[in-house]
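*Asks:* coordinates for the following, if possible.
(one chain, ligands or ions: 1)
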Amino acid sequence: MEEDKGIWYCRMSKQLLLSFPRVLDPQSKVYISWLLIVTLCFVYNAWSIFLRAVFQYQTPESLPYLLSFDYFSDAIYIIDMVVFKVRVKYLHEGFWVEDLAATRKNYFKKTMFKMDLLSLFPLDLLYLVYGFNALFRFPRMLKVQTFWEFFNRMDAVAKSPYVVRILRTLIYMMYLIHLNACGYYAMSVWEGIGSNDWVFQGEGNAYIRCMYFATKTATSIGKNPKPKNEYEYIFMTFSWLTGVFIFAFLIGQIRDIVATATQNTTQYHQVMDQMVRYMRHLNLPENLQYRVRLWLNHTWEQQKTLHESKILDSLPMKMKTDVAINVHYNTLVKVQLFKNCDKALLRDLVLKLRPVLFLPGDNICRKGELGKEMYIVNKGLVQVMGGEEGDVVLATLSEGSVFGEISLLGIPGCNRRTADVRSKGFSNLFVLGKADLWDALEHYPDAQAILKKKAQTLIKQNEDREKLASGSRKKIEAETIIRDPSRTPTPRLLKTVLEVVHPNSMCAQLFNKKRSSAPVLIGDRSQNNLLPSPRLRASSVSGVGYLSLNTKQDGFLNLKMPSLSQKDDKVSLENFLNKTSEDIAPKAIKELLHRVPTLPHKPSTQSEVIRNLETEEKVIWERLCSHEDLIKSSAASLDELPMMGKPPTGSGLELQLPYKPAEANSCLKTEEKLAREEMCSHGNLITSPVTPVDELVLMGKPPTGSGLKLQLPYKPADQSEANSCLKTEEKLAREEMCSHGNLITSPVDEPLNNGCNSSNASSASEQYNIEEEDFLSFSEYHKYKQLPQLQQSGFCSTGYFFESEFK
Ligand SMILES: Nc1ncnc2c1ncn2[C@@H]1O[C@@H]2COP(=O)(O)O[C@H]2[C@H]1O
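*Replies:* You can find the predicted model right below:
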């Protein structure tokens, strides 16, 4: 039994040793936690040495305990030097040095090492000669550098560094008082306890009474008994001086720390006060004063600063752009202009965008004014007003819409605003100055063309409208451009599914065909007044909603929503379809994505390719980066992701990583090589000296059964085109790879719809952990698939089916 225990301990300690990191990151949790332990030991020594030397707390009874604490802290000091400090990696010429020999050498070179060594000086051996005097442990105080290091590191990593700073200052203050209390008691003992009014009278707990005396002196509260002799006068003078200078300095430090923490709020109050005083001085109308206050208040509530742009100014340009893109990404991806244009344009523009807030009813621009800026709606709604009296809403623009561009584009006769634009509620807009817009557009003719085309359409629309209005002398309400009331929107769940199925698939084609003509159709199936799609079908049978998709090409999906109201199937069905995939069955939607073997979209133009790829890449990277182990292993790849953001909301993009993250990098590499190989097989490239071919050392064969058939969109003509082509191909490869269901892991399962039997279905639900609710069995599905059978069986007498246009 004892032997077993011994073996177990041996194994455990071996495992611990093996799992201990070779080198330590100075900012890592392990290292900082260790610093905390060493700091506690240092604080113990710093406190106990004087306490025990002066007060009578070190008695023969307490000595064994005190000595155990002492030697425990000494052991921690030794471990700190031998195990931890020698492993701390350091920066050399911009690189982390992680070689153990080098980190050790680096530590030995530092003053900290000498101090650490001195702190372990065994002066306490003098115990043997002079007895147990705690003052012999004084060298332990030299470990103070670790105490400072701990607080500096905490300052760098803590979420609220103010708390850390205040704690450090408090420790200093308490220690000063502690020293003063020890000094006072030592004086009292020397002069004789209770020998006069000034000294400690020997009543109560000595340490507490002396601390009280020291606190009163240090904080200059006064009312201490008058010193009786020169020594006492000197002691008091010194104590007060310490109180006045050091203590006051420390208290000032705390005030500064708190002031820094609340700096923004203070600034906001200052601006608000100044503004209110100024407006009163100018005697501005009450309403205007109210609006100014509202603006300041709202801006502060949203940004928690009134100087947003200044905060970023201290960053290097690239980092500033990355931060700006990340913050504004969700809005910018919705801007049509940016969707079709080069990504570089977005990066060029994003720093020039200035956020502004408009209050409800504010006029953003007025018809006839000279155009100097254009706007992008970030949040809120703005209305473009027209008509003879400017009271007709021509359009309501929402997030991602661009306006105010017509008068900036230099279209002959159009350098003035063509309409009034006003804010409907609170609107957050980005403003882009004319010069900045032109700086960017000069290099991006595509974007220029898009803007001009849009401008011309709007000008024509406005002209037509005006002609019509003047002809009939009637006000004409125009439709909003963000919401078309004549078309019922495609339900959210269907939209999600349609976005993930391949555009060439049967299902997508069917929906696309009906896009322009067919209205949304929800009808009573028993009346035969609708045409359900054979591929994607939503149905409601006796209060249960189903969404089914089943083709070899599209994959298999069957969603069941049993909790619908049984009263009105039609309403229930609409409700069901308006839920998001997340509401219904995320696992089942993932299952569908698993089974889509082709690229989610086939780009038709080069810019579309790039746009799609970039979005896809981001999503893939985001997924990758969400994996803990990947973050650890390839932190560098994360740095390469300045544009990483959330996938555009509502894009329905739910890419699944086709491989375990551990293999991710190597997997990507193989795919990149495949793409290169494919490209290099082009005749005209072989003749030209293609450098990338030389790099294909590691190139391997495509994984058998991967079905990977990359098609080059064009034949590169020269080397530079070849290179850019490679880049595109690499991206395509990543995308392609990531959409491959069968690349996922080695055991490639049969498509579920091949067998179409319930045993397949149940095994699939086991494999993907799909809940019964979400996954309709195949046999049941069959019943639905055969509509006439369904009707005959009486199963669907009140069934409603749904068909939608694809918007
Ligand atoms: N009919 C319209 N629909 C939507 N936006 C419009 C319409 N007419 C004008 N605008 C926008 O309103 C802006 C007013 O300033 P600009 O003329 O510079 O640019 C104009 C367009 O961006």
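
*Asks:* the closest residue to T305 other than its chain neighbours: how many residues sit nearby?
*Replies:* Counting by C-beta to C-beta, 6 or more residues apart in numbering, T305 lies nearest to N264, which is 5.2 Å off, once chain neighbours are set aside. Where C-beta positions appear, they are placed from N, C-alpha and C, glycine not excepted. If you count neighbours by other C-beta atoms under 10 Å, N264 ends up with 16.

*Asks:* next: T266.
*Replies:* By other C-beta under 10 Å, the residues close to T266 number 12.

*Asks:* tell me the mean pLDDT for the helix or strand containing it?
*Replies:* T266 belongs to helix 263-281 when assigned by DSSP states H and E. The average pLDDT for helix 263-281 rounds to 89.

*Asks:* show me what that helix is packed against.
*Replies:* Using 3 or more C-beta pairs under 8 Å, 6 or more residues apart in numbering; DSSP states H and E, the elements in contact with helix 263-281 are helix 286-303.

*Asks:* for the helix it packs on, buried residues please.
*Replies:* 289, 291-292, 295-296, 299-300 (16 or more other C-beta atoms under 10 Å).

*Asks:* check stretch 106-125 too.
*Replies:* Residues of stretch 106-125 classed as buried: 106-107, 112-113, 116, 119-120, 124 (neighbour count, 16+ other C-beta under 10 Å).

*Asks:* state the mean pLDDT of the longest helix seen in the chain.
*Replies:* Counting residues, the longest helix found in the chain (DSSP state H) is helix 161-191. For helix 161-191, mean pLDDT is 93.

*Asks:* C-alpha coordinates for the next helix or strand after it, CSV please?
*Replies:* Once helix 161-191 ends, the next helix or strand along the chain (criterion: DSSP H and E) is helix 206-218. Listed next in CSV are the C-alpha coordinates belonging to helix 206-218 (Å, rounded to 0.1, in the frame of the first residue of the first chain):
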residue,chain,number,x,y,z
ALA,A,206,0.7,47.1,22.6
TYR,A,207,0.7,46.9,18.8
ILE,A,208,-2.8,48.3,18.4
ARG,A,209,-2.1,51.2,20.8
CYS,A,210,1.2,52.0,19.1
MET,A,211,-0.4,51.8,15.6
TYR,A,212,-3.1,54.3,16.8
PHE,A,213,-0.4,56.7,18.0
ALA,A,214,1.5,56.3,14.8
THR,A,215,-1.6,56.9,12.6
LYS,A,216,-2.4,60.0,14.5
THR,A,217,1.1,61.3,14.0
ALA,A,218,1.4,60.3,10.3
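
*Asks:* pull out the buried residues from helix 206-218.
*Replies:* Neighbour counts over helix 206-218 (16+ other C-beta under 10 Å) mark 206-207, 209-211, 213-218 as buried.

*Asks:* and for stretch 240-247?
*Replies:* 240, 242-243, 247.

*Asks:* go through these and flag which are in helices.
*Replies:* 240, 242.

*Asks:* mind putting the buried residues of stretch 240-247 in JSON lines, pLDDT and distance to the ligand included?
*Replies:* Putting these into JSON lines (pLDDT from 0 to 100; distance: C-beta to the nearest ligand atom, whole Å) gives the following:
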{"residue": "W240", "pLDDT": "88", "distance to the ligand": "72"}
{"residue": "T242", "pLDDT": "86", "distance to the ligand": "69"}
{"residue": "G243", "pLDDT": "84", "distance to the ligand": "68"}
{"residue": "F247", "pLDDT": "83", "distance to the ligand": "64"}
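
*Asks:* need the buried residues of stretch 240-247 in CSV (columns: distance to D74).
*Replies:* Shown next, in CSV, are those (distance: C-beta to C-beta, whole Å):
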residue, distance to D74
W240, 37
T242, 31
G243, 34
F247, 32
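
*Asks:* in the stretch 451-600 of the chain, what residue lies closest to the ligand?
*Replies:* L458 (4.5 Å; C-beta to the nearest ligand atom).

*Asks:* wait, that residue touches S407, no?
*Replies:* No: with contact defined as C-beta atoms under 8 Å, L458 does not reach S407; the gap is 11.3 Å.

*Asks:* neighbour-wise, which of these two wins?
*Replies:* The residue with more neighbours, out of L458 and S407, is S407; 23 against 19, by other C-beta under 10 Å.

*Asks:* shaky segments in the stretch 301-450 of the chain?
*Replies:* 309, 336-343 (pLDDT under 70).

*Asks:* swap the cut-off to 80 and go again
*Replies:* Flagging of the stretch 301-450 of the chain using pLDDT under 80 yields the residue ranges 302-314, 320, 324-351, 387-391, 410-415, 439-448, 450.

*Asks:* what residues does it put near the ligand?
*Replies:* Within reach of the ligand by C-beta under 6 Å from any ligand atom, the stretch 301-450 of the chain has these residues: 365, 371, 384, 394-395, 403-407, 417-419, 421.

*Asks:* now do 5 Å
*Replies:* Proximity of the stretch 301-450 of the chain to the ligand, by C-beta under 5 Å from any ligand atom, involves residues 371, 384, 394-395, 403-404, 406-407, 417-419.

*Asks:* got those as a markdown table, with secondary structure and distance to N229 columns?
*Replies:* Converted to a markdown table, these look like this (DSSP: H, G, I helix; E, B strand; the rest coil; distance: C-beta to C-beta, whole Å):
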| residue | secondary structure | distance to N229 |
| --- | --- | --- |
| G371 | coil | 87 |
| V384 | strand | 90 |
| L394 | strand | 94 |
| A395 | strand | 92 |
| F403 | strand | 86 |
| G404 | coil | 85 |
| I406 | helix | 92 |
| S407 | helix | 90 |
| R417 | coil | 89 |
| T418 | coil | 94 |
| A419 | coil | 92 |
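
*Asks:* which residue is the nearest non-sequential neighbour of S239?
*Replies:* Spatial nearest neighbour of S239, chain neighbours left out: T217 (4.4 Å); criterion: C-beta to C-beta, 6+ apart.

*Asks:* repeat that for L432.
*Replies:* Leaving aside its sequence neighbours, L432 sits nearest to M374 (C-beta to C-beta, 6+ apart; 5.2 Å).

*Asks:* quick check: that neighbour is in a helix.
*Replies:* No: secondary structure of M374 (DSSP: H, G, I helix; E, B strand; the rest coil): strand, not part of a helix.

*Asks:* does L176 touch T242 like I think?
*Replies:* Yes: counting by C-beta under 8 Å, L176 does reach T242; the two are 6.6 Å apart.

*Asks:* for these two, list the residues in contact with both.
*Replies:* Counting by C-beta atoms under 8 Å, 6 or more residues apart in numbering, the contacts common to L176 and T242 are A218.

*Asks:* and the pLDDT for A75?
*Replies:* Looking at A75, its pLDDT is 96.

*Asks:* and the helix or strand it falls within, what does it pack against?
*Replies:* Taking DSSP H and E as the definition, A75 sits inside helix 63-79. Judged by 3+ C-beta pairs under 8 Å, 6+ apart, the packing partners of helix 63-79 are helix 29-54.
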